[in-house]
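Chemist: Test case, fold it:
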Amino acid sequence: MKAMQLTGIRRIEMTDLPEPVISGPKDVKIKLSVLGICGSDIHYYVNGRIGSQVVSYPFAVGHECAGIVIETGKNVRRVKPGDVIAIEPAMPCWECDQCLAGRHHTCRRLKFLGCPGQSEGSLMEYIVMPEESCFPLTGNLNADHGAISEPLAIGVYSVRKSGDIKNLSAGILGFGPIGMSVMLAAKAAGAGQIFVTDKIDRRLDIAEMEGADAVMNPLREDIVAGIGGISRSGLDIVFECCGEQEAVDQAVEILKPGGKLIIVGIPEFEKWKFDADRTRRKEISIQFIRRQVDCVQPSLDMMASGEINIDRMITHRFPFTETKAAFDLVAGYHDGVMKTMIDFE
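Modeler: A predicted model of the protein is given here:
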């Protein structure tokens, strides 16, 4: 089968790999239909690593995906051949202390699609996944919804971890696909005023269309003064969604005393810095987000019901053969890109 593998920094090449086969009674073989390019994929493409996770070439990334069930193991009951499914990229052991505590997203023996040292990614024609990672798409849901359910689930989980957000003011610093997922989830949860920042104007246009109360570009505006001028008492919650130290510094300034800072973004550097005096005096609560847990099906349900609409998230599409061009577009933040999809057909 054909696969697109990283072969070096900013290098992707089409390779031939053996087609995977079912080896266990709960395995599901899937023909890929569509894949969304994630920011973490770009980290591996541009830097060859995320923290301690270092790429050993050649390696296929990709984990936001959906496809068609081709074959199932003898004990599979959730899906059948011909089903179009969303794919949860995490493959926990279900036996360690973390899994037994309901934290299977931090499983001690977790395997994750497209994560170095764990599992090859889904930038290939076929993959085999455990039954638990397969979610049937029904009603008006299509493969695009299936692929988007992965980043959307992170947004839903982030909002859940922030507590009851109803009528509370929120800042979203960084409005890429994860920031947009957070905003859609926050609005669905009844958030009050929402403030959005990003360095790409087209993304801010999308935020406005999605109902943001104020949008600001930090390349042109003083974010702290701008938000402070509108919400003088400070914000209840800030979601850091871009992995930038500058955004964390801004968050500490615009949060009210007792506010919550939810760090969702993945930084390219090794250590965050926090203003000890400001964070202590304001008694700011800081919550880090690691992917998501048990939010794929709720995300699919919210898209199916119309509670969340992801139509504005997908801005670009490329065929599988032009994967490198797609990665270069996203890595360069060109053409106002929000979410780029790879079509296998």
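Chemist: Pretty sure Phe112 sits against His63.
Modeler: Yes: Phe112 lies in contact with His63 (Cβ atoms under 8 Å); the separation is 6.8 Å. Yep, even glycine has a C-beta here, placed from its N, CA and C like the rest.
Chemist: what do the two both touch?
Modeler: Taking Cβ atoms under 8 Å, 6 or more residues apart in numbering as the contact rule, Phe112 and His63 both touch Pro89.
Chemist: Just want to know which of the two has more residues nearby.
Modeler: His63 (25 against 21; other Cβ atoms under 10 Å).
Chemist: which element is Ala304 on?
Modeler: Ala304 belongs to helix 296-305 when assigned by DSSP states H and E.
Chemist: Can you pull out the residues in contact with that helix?
Modeler: Residues contacting helix 296-305 (Cβ under 8 Å, 6+ apart): 86, 88, 135, 137-141, 145-146, 148-150, 152-153, 155-156, 188, 308-310.
Chemist: What are the buried residues along the helix or strand just after that helix?
Modeler: Of the helices and strands lying after helix 296-305 in sequence (DSSP H and E), the nearest is strand 314-319. By 16 or more other Cβ atoms under 10 Å, the buried positions in strand 314-319 come out as Ile314, Thr315, His316, Phe318.
Chemist: Columns distance to Leu235 and pLDDT on top of the residues you listed, output as CSV?
Modeler: Converted to CSV, the buried residues of strand 314-319 look like this (distance: Cβ to Cβ, whole Å; pLDDT from 0 to 100):
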residue, distance to Leu235, pLDDT
Ile314, 29, 98
Thr315, 28, 98
His316, 32, 98
Phe318, 37, 98
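Chemist: and which of the residues you listed is nearest to Leu17?
Modeler: Leu17 lies nearest to Phe318 out of these, by Cβ to Cβ, at 20.6 Å.
Chemist: Which residues does that closest one form beta bridges with?
Modeler: In this structure, Phe318 bridges to Ile342 when assessed by DSSP bridges.
Chemist: what about the residue lying closest to Glu88 once chain neighbours are set aside, neighbour count?
Modeler: With sequence-adjacent residues excluded and distances taken as Cβ to Cβ, 6 or more residues apart in numbering, Glu88 is closest to Ser133, at 4.3 Å. Neighbour count of Ser133, defined by other Cβ under 10 Å: 20.
Chemist: looking at it, Ser133 is touching Ala86, isn't it?
Modeler: No: using Cβ under 8 Å, Ser133 is not in contact with Ala86; the gap is 9.1 Å.
Chemist: all strands in the stretch 1-150 of the chain, in order from the N-terminus.
Modeler: With DSSP state E, counting those that start in this stretch as the criterion, the stretch 1-150 of the chain has strands at 2-8, 11-16, 27-36, 49-50, 53-54, 64-72, 84-87, 90-91, 111-112, 126-130, 134-136.
Chemist: max-length helix in the chain?
Modeler: The single longest helix within the chain, with elements called by DSSP state H, is helix 143-161.
Chemist: What strands line up against the helix or strand following that one, and which way round?
Modeler: Counting by DSSP H and E, the next helix or strand C-terminal to helix 143-161 is strand 170-173. Sheet pairing for strand 170-173, assigned by DSSP bridges, gives strand 194-197 (parallel), strand 235-240 (parallel).
Chemist: Other residues contacting strand 170-173?
Modeler: 179, 182-183, 186, 191-197, 207, 212, 223, 227, 235-242, 244, 247, 250-251, 254.
Chemist: Counting by contacts, list what the helix or strand following it packs against.
Modeler: Next along the chain after strand 170-173, taking DSSP H and E as the criterion, comes helix 177-188. Using 3 or more Cβ pairs under 8 Å, 6 or more residues apart in numbering; DSSP states H and E, the elements in contact with helix 177-188 are helix 143-161, strand 170-173, strand 194-197, helix 201-209, strand 235-240.
Chemist: Taking their axis directions, the fourth one and helix 177-188 sit at what angle?
Modeler: Angular relation of helix 201-209 and helix 177-188 on a 0 to 180 degree scale: 10 degrees, by axes from the mean of the first three to the mean of the last three Cα atoms, to 10 degrees.
Chemist: and if you look at the last one?
Modeler: If you take the same axes, to 10 degrees, strand 235-240 sits at 150 degrees to helix 177-188.
Chemist: Format the CA atom coordinates belonging to the helix or strand that strand 235-240 is followed by as CSV.
Modeler: Counting by DSSP H and E, the next helix or strand C-terminal to strand 235-240 is helix 245-254. Extracted in CSV, the C-alpha atoms of helix 245-254 (Å, rounded to 0.1, in the frame of the first residue of the first chain):
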residue,chain,number,x,y,z
GLN,A,245,4.9,32.1,26.2
GLU,A,246,3.5,35.6,25.2
ALA,A,247,0.0,34.2,25.4
VAL,A,248,0.5,32.8,28.9
ASP,A,249,1.8,36.2,30.0
GLN,A,250,-1.2,37.9,28.5
ALA,A,251,-3.5,35.4,30.2
VAL,A,252,-2.1,36.1,33.6
GLU,A,253,-2.7,39.8,33.1
ILE,A,254,-6.3,39.6,31.8
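Chemist: Now do helix 245-254 and strand 235-240, the angle between them.
Modeler: 170 degrees.
Chemist: Any idea how many residues pack against Gly48?
Modeler: For Gly48, using other Cβ under 10 Å, the count is 18.
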